[in-house]
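Undergrad: below is the structure, and that's it, no one-letter string:
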């Protein structure tokens, strides 16, 4: 699925300032790619009306309520000047992330553009956020829109009045097939926006190498070996791509997310494009995926490209 073939963008709307900013970015993308905008508003499920012998009877949403929500969304679209573009308004009821991804599948969305509230700590770990859940389970790429935190408010205002431009893209690589999926998508975006590409790899030394009087002596050698491998692999990629793109490389040492943000600041990156392994269950809860950590802590917009080989095989067989 490539950006140059993008035809439908789904934008969840909750009428917050964040979703209004996200809609502006989605509009600019739709104009550039001649895509249709689908605006979706998810109404929380109705609370139960009463209980009899521990059986809960929910209140069925009235047709008039659904119509009122749809009119509100249509009025919002008009106020935000969406009408020059092809667009539709959709209202769903239920759990937000589930209904957003369900709508994306039914409408054939090529991209979901969504805002984030930036939940952290235990609230994030045990409750999660709508954005994190959408990123985790979406079948199409997800653009998480947020402000560039390294620029001044004056610069942000200036950028808000100018055409959307991703001048520099950062692509985290661990040299796996999964990260290559993110790179391929990033190259299509770079081609469309004439962006330069920054290939980034972070070296992480496992803590057990530092916890023993003898094994800790090997840490410096391990770091050196990883640096040499990263330099060689990034250099090879750079040579492959340099005929068509302006490519830079960077290597960090330490926490991937911290090093990415450091690189975003120093290189003035406009967009991070990464892929996800799609971890689930306890592994994701206690370890987390790098992509989710990037979405949660990044200081610029993030575009997450799903990589789910099992689902792709099932679709091919079907």
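TA: Great, that's in hand. Just so we're clear, the structure is a prediction, and the values are computed from it rather than from any experiment. Numbers count the residues shown, from 1 in each chain.

Undergrad: any idea which element the residue lying closest to residue 15 once chain neighbours are set aside lies in?
TA: Take residue 15 and drop its neighbours on the chain: the residue closest to it by Cβ to Cβ, 6 or more residues apart in numbering is residue 76, 6.7 Å away. For the C-beta atoms, the positions are set from N, CA and C on the backbone; glycine is no exception. Here residue 76 sits within helix 63-79, counting by DSSP states H and E.

Undergrad: look up how far residue 100 lies from the closest residue in space to residue 16 that isn't next to it in sequence.
TA: Here the nearest residue to residue 16 in space, its sequence neighbours aside, is residue 115; by Cβ to Cβ, 6+ apart that works out to 7.1 Å. Residue 115 is 12 Å from residue 100, where distance means Cβ to Cβ, to the nearest Å.

Undergrad: can you tell me what sits against stretch 154-170?
TA: 24-25, 28-29, 32, 147-148, 151, 186, 189-190, 193, 195-198, 200, 260, 263-264, 267-273 (Cβ atoms under 8 Å, 6 or more residues apart in numbering).

Undergrad: any low-confidence regions in the stretch 201-318 of the chain?
TA: Counting by pLDDT under 70, the stretch 201-318 of the chain shows low-confidence ranges at 206-217, 219, 277-288, 308-318.

Undergrad: which parts of it are strands?
TA: In the stretch 201-318 of the chain, strands defined by DSSP state E, counting those that start in this stretch lie at 247-253, 271-276, 302-306, listed in chain order.

Undergrad: over to residue 130: give its phi and psi.
TA: Note on residue 130: backbone dihedrals following degrees, to the nearest 10 are phi -60, psi -40.

Undergrad: tell me the contacts of it?
TA: Residue 130 touches 12, 96-97, 100, 114, counting by Cβ under 8 Å, 6+ apart.

Undergrad: test for you: state the pLDDT assigned to it.
TA: Residue 130 is assigned 88 on the pLDDT scale.

Undergrad: hang on, the earlier thing: deepest of the strands of the stretch 201-318 of the chain, which one?
TA: Stretch with highest mean neighbour count among the strands of the stretch 201-318 of the chain: strand 271-276 (a mean of 26; mean count of other Cβ atoms under 10 Å).

Undergrad: partners of that strand in the sheet?
TA: Strand pairing for strand 271-276, determined by DSSP bridges: strand 168-172 (parallel), strand 302-306 (parallel).
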